[in-house]
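Chemist: Structure for this input, please:
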Amino acid sequence: MKKRIQVILVCLVLIFTANAGYSAALPKVIHIGNAGSFTGDAAAPCMEIYNSAQLAVDEWNAKGGINGVKIKQIMGDDALDPAQGINVANKFASDKNMFGVIGPPVSHVAQATLKIYGNNNLGCITTAASKPELTESGFHHFFRVNARNDAHGWNCALFMKKQLKAKRVAVLNEKVAYCENMATQTIMGLKKLGIKDIFQDTIVAGAKDFSPVLTKVRSYKPDVLFFIATAAPDQAIGVKQAKELGIKAVFFGTEGARDKKDFIEASEGAAEGAYVYHFGPDIYSIPAARGYVKKYESKFGSLSGFGPPAYEAMNILLTAIDTAAKDGKMDRKEVIKYLSQTRNYNGILGFPITFDQKGDLKGGATYFFQVKGNDFKQVAVMTGQ
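Modeler: Coordinates of the predicted model:
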């Protein structure tokens, strides 16, 4: 009878412990997901994101991992498709060894998967998804190392007004969450600055021929053509066809165009002098990034602007996991808790990273580049003024 009572007491303690939300013991391996578009038109920047994150993982593993546990990055390919993104999210969420995710980097996929990651307490750090609503939806698992569209849109309007001296602007946008929102935010900014002579139309991703809408742009005769597309191949076609049609407007591309191969090379010279904005700075100008740049280029080759924020994001995520694991046990909620406490993290981006109460980057900037030969030259940084 006494033995039976002891067994019952032990069971009650176990039940109470589970219900109290106590952390589980560390697994034999810690999985980190990387959700991105590793096939299709966005494959090049997303592979740069993955490879940069892997560099951080390799460095942590070389130092012993997290509390002696090795880290493994798991690729989840959404191919720019929200439906596939949902499959990736469900796969990651069901993995008991998964304690965080880098990505998704594209707003419409991040939007489609937000609830799945949130309901499963799986912390995500995006390196590029910029639609404001992603951190306005009541979830507390989503963080960004990039500024939001409401900041980028206003900064792009300022750049067109101050740097490009625009008075007449054509805005073409792909009909997905990021592009539509970016168009809206930029047009709001232009109007606030007194530029109301604006032509707006839409484009279709992967169309290969934008000449019908570009012919309308030619008739409109704008000073600036703001071409808002997700992926660099579409931007390359856009700048090339605009030149072929004799459009004199300054071509201004979005963050996806900052790709040497898929934009500059693919445009066959048409991109010379074009401008693009980006969420990341010129990494070559930052002394703290020299080690990362050397490692990346020696292992993976040419570096664009998409990898550095991913290296930063992975280090921030692993730091949070490491803090959670110091007592030999952890769970996903604990990781999110420490992510939310990220303050003044100094890495390779040249500015300290702090997440606000929503998970947004405090003090984010927009970086502007011009195509010069086979590279991008940073020409301006704007922070809302």
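Chemist: I'd like the next helix or strand past the helix or strand that contains residue 91.
Modeler: Assigned by DSSP states H and E, residue 91 belongs to helix 82-94. Next along the chain after helix 82-94, taking DSSP H and E as the criterion, comes strand 98-102.
Chemist: Adjacent strands (with direction) for that next one?
Modeler: strand 29-36 (parallel), strand 124-126 (parallel) (DSSP bridges).
Chemist: Please save the CA atoms from it in CSV.
Modeler: Output in CSV follows, covering the C-alpha atoms of strand 98-102 (Å, rounded to 0.1, in the frame of the first residue of the first chain):
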residue,chain,number,x,y,z
MET,A,98,13.4,22.6,-33.7
PHE,A,99,13.9,25.7,-31.6
GLY,A,100,13.9,28.6,-34.1
VAL,A,101,13.6,29.6,-37.7
ILE,A,102,15.5,32.1,-40.0
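Chemist: ok so, going back, relative to residue 83, which of the strands paired with strand 98-102 is closest?
Modeler: For the strands paired with strand 98-102, proximity to residue 83 was assessed by Cβ to Cβ; strand 29-36 is nearest, at 13.5 Å. Quick note: C-beta positions are derived from backbone N, CA and C, even for glycine.
Chemist: Just the angle for the following helix or strand past that closest one relative to strand 98-102, thanks.
Modeler: Proceeding N to C from strand 29-36, the next assigned helix or strand is helix 43-62, under DSSP H and E. Counting by axes from the mean of the first three to the mean of the last three Cα atoms, to 10 degrees, helix 43-62 points 140 degrees away from the direction of strand 98-102.
Chemist: Contacts for helix 43-62, please.
Modeler: 32, 34, 36-38, 66, 70-73, 75, 102-103, 105, 127-128, 232, 256, 259, 261-262, 292, 295-296, 299-300, 303-304, 306-311, 313-315, 318 (Cβ atoms under 8 Å, 6 or more residues apart in numbering).
Chemist: So which of the residues you listed belong to strands?
Modeler: Members of the contacts of helix 43-62 lying in strands (criterion: DSSP state E): 32, 34, 36, 70, 71, 72, 73, 75, 102.
Chemist: May I have the beta-bridge partners of the first one?
Modeler: Think residue 32. Applying DSSP bridges, one finds that residue 32 bridges with residue 73.
Chemist: Surely it and residue 317 touch.
Modeler: Yes: Residue 32 lies in contact with residue 317 (Cβ atoms under 8 Å); the separation is 6.7 Å.
Chemist: First-to-last residue distance for stretch 362-374?
Modeler: In stretch 362-374, first residue to last residue: 33 Å (Cα to Cα, to the nearest Å).
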